[in-house]
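# Here's a sequence, model it:
(one chain, ligands or ions: 1)
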Amino acid sequence: MSQPKILAFAGSTRTGSFNQLLISAAKNCALAVGAEVTQINLADYSLPLFDQDLESSQGIPDNAKRLKELFLDHARLLLACPEYNSSITPLLKNTIDWVSRPASPEERPLSAYRGKTAALLSASPGGFGGLRGLRHVREILSNIGVIVTPNQFSLAQADSAFCEHGHLRVEKQRKMLAACVEQFVQTTAALAPQNAS
Ligand SMILES: Cc1cc2nc3c(=O)[nH]c(=O)nc-3n(C[C@H](O)[C@H](O)[C@H](O)COP(=O)(O)O)c2cc1C
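Alright, predicted model coming up:
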């Protein structure tokens with residue numbers, strides 16, 4: 001089976017973000033089972049709030065183009081998504097929207113998304129671990145052509161879940177995260193080459 005190439009990022013740029021800690025831990029799980037992973041921080045791709053008038057007058061921002069190139073170069077997405085008021089963060093939705101925009105009328109719609117496979121993670125200081133927000137992320141991604149794998153992992157009480165080295169303290173949680181990521185890697189490898197990058 002071919003090895004999947006995964007683009008991994010969190011839907012938060014907050015200093016000390018729990019979702020960034022979680023995506024880093026997930027990246028290590030993916031590397032441990034032989035995946036190739038590119039981890040990015042959306043802080044390095046800052047974008048204005050999507051506005052169609054802005055797009056018409058100034059075109060697609062360079063950071064959106066850079067992000068889209070990355071999406072096109074990776075057939076797998078691994079996302080750690082904070083939950084804001086039971087839903088997706090504005091940062092993540094804004095990123096999805098900018099990356100969805102065609103560079104020219106000839107470009108195939110949603111080229112950065114169609115046929116990709118994604119796995120969803122979340123972390124929150126709350127008791128549900130951001131689980132409710134993932135329903136919305138799953139729906140949005142599915143509607144734009146991404147196959148979102150059924151398994152997901154939500155980390156509750158994330159504010160006390162990591163040690164100072166960024167590792168999950170509780171073995172059961174480490175195992176659950178590893179199992180989720182491993183299953184994602186195996187599923188996406190099984191889908192290759194039809195779904196590979
Ligand atoms: C506007 C806003 C809404 C929030 N709504 C929720 C929520 O619905 N459920 C939840 O578990 N946490 C909620 N939180 C708390 C976040 O889970 C918490 O800020 C978390 O640390 C964000 O993820 P991060 O650490 O990766 O930045 C909310 C935070 C903000 C700023």
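
# residues from the protein in reach of the ligand?
10, 12, 14, 17-19, 82-86, 124-126, 128, 130 (C-beta under 6 Å from any ligand atom). Quick note: C-beta positions are derived from backbone N, CA and C, even for glycine.

# Which single one of these is nearest to residue 109?
Top of the list for closeness to residue 109, among these and by C-beta to C-beta, is residue 10 at 26.6 Å.

# Any idea how many residues pack against the residue lying closest to the closest one once chain neighbours are set aside?
Leaving out its chain neighbours, the residue that sits closest to residue 10 by C-beta to C-beta, 6 or more residues apart in numbering is residue 19, at 3.9 Å. By other C-beta atoms under 10 Å, the residues close to residue 19 number 27.

# The lengthiest helix in the chain - contacts with which helices or strands?
Using DSSP state H, we find that the single longest helix of the chain is helix 171-191. Secondary-structure packing of helix 171-191 (3 or more C-beta pairs under 8 Å, 6 or more residues apart in numbering; DSSP states H and E): helix 18-32, strand 76-80, strand 117-123, strand 147-155.

# contacting residues around that helix?
Residues outside helix 171-191 that contact it (C-beta atoms under 8 Å, 6 or more residues apart in numbering): 1-4, 6, 22, 25-26, 29-30, 32-35, 75-76, 78, 117, 119, 121, 147, 149, 151-153, 155, 161, 167-168, 195.
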